[in-house]
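Student: A structural model of the following input is requested.
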Amino acid sequence: MSQPPTERASQRPPRGLFVAFEGGDGAGKSTQVRLLTAALEAAGRSVVVTRQPGGTPLGAEIRQLVMHGGHVSPRAEALLYAADKAHHVDELIRPALESGQDVLTDRYTDSSIAYQGAGRELGPEEIRRLLDWAVGGLFPDLTIVLDVPAEVGRARRGATGQAGEDRIERESDDFHDRVRRHFLDLATAAPERYLVLDGTADPAQLHEQVRAWLRTAGLAL
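Tutor: Numbers count the residues shown, from 1 in each chain. Okay, the predicted model is just below:
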């Protein structure tokens, strides 16, 4: 005899935590993703770590095309990023969350809103509507914005010896300043879902601020 819907629902694992790390290139997102992953796993939680673009085999191909290939028109670039996100959510993020796993992503929808909407000047609101449809209304429980000036991000990328900037990183500081301002605008518009941190601060201190925010949300860390 099949179980009643209420009993089946009660047996499902609780939905996992969904956290996105955003900010300009060189802001230190990968470091904070690594630190939070270790903290969550130490607390006994199962964690899926991913990035956009490139979190799936299809996404990896899109990443290579839009970041390391030849010229891509701004509108085509926005649509390719949206395609990556749609596939990523359907194939990886939503299934992981529904199975009770936490998901940490290095970039999500806000990056496209800031980079293509504000940086490419395609219109942040138009890009937001496109992405809302692409991800089926799935947005993070918390978005952490690591804020650094464009010149700091550029200096960091050079200091770490990264060989060859990608198409986005090669854009002017004016472009990256527009992106930075829009990340901050997004956070100001929805403070309950954003944590803005000074990305120039010590990484260990930033990590403690992330943990403190998650503790206020009821997570034992």
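Student: C-alpha from now on. contacts and neighbour counts both.
Tutor: OK.
Student: mind listing the helices in this protein by residue range?
Tutor: 5-11, 29-42, 57-68, 74-88, 94-98, 109-112, 124-134, 150-159, 173-189, 203-216 (DSSP state H).
Student: Tabulate the CA atom coordinates of stretch 122-140 in CSV.
Tutor: Taking C-alpha atoms only, stretch 122-140 is exported to CSV below (Å, rounded to 0.1, in the frame of the first residue of the first chain):
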residue,chain,number,x,y,z
LEU,A,122,22.2,45.8,-21.0
GLY,A,123,19.8,46.8,-18.2
PRO,A,124,19.9,45.1,-14.8
GLU,A,125,16.2,44.7,-14.6
GLU,A,126,16.0,43.0,-18.0
ILE,A,127,18.8,40.6,-17.0
ARG,A,128,17.1,39.9,-13.6
ARG,A,129,13.8,38.9,-15.3
LEU,A,130,15.7,36.6,-17.7
LEU,A,131,17.5,34.9,-14.8
ASP,A,132,14.4,34.6,-12.7
TRP,A,133,12.9,32.5,-15.5
ALA,A,134,16.2,30.6,-16.1
VAL,A,135,16.6,29.4,-12.5
GLY,A,136,12.9,28.8,-11.9
GLY,A,137,12.8,31.3,-9.0
LEU,A,138,15.5,29.5,-7.0
PHE,A,139,17.6,32.0,-5.1
PRO,A,140,20.1,31.6,-2.3
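Student: just to revisit the earlier point, deepest of the helices of the chain, which one?
Tutor: Comparing these by mean neighbour count (mean count of other C-alpha atoms under 10 Å), helix 109-112 ranks first with a mean of 24.
Student: Just name whatever secondary elements that helix is in contact with.
Tutor: If you count contacts as 3 or more C-alpha pairs under 8 Å, 6 or more residues apart in numbering; DSSP states H and E, helix 109-112 packs onto strand 18-23, helix 74-88, helix 124-134, helix 173-189.
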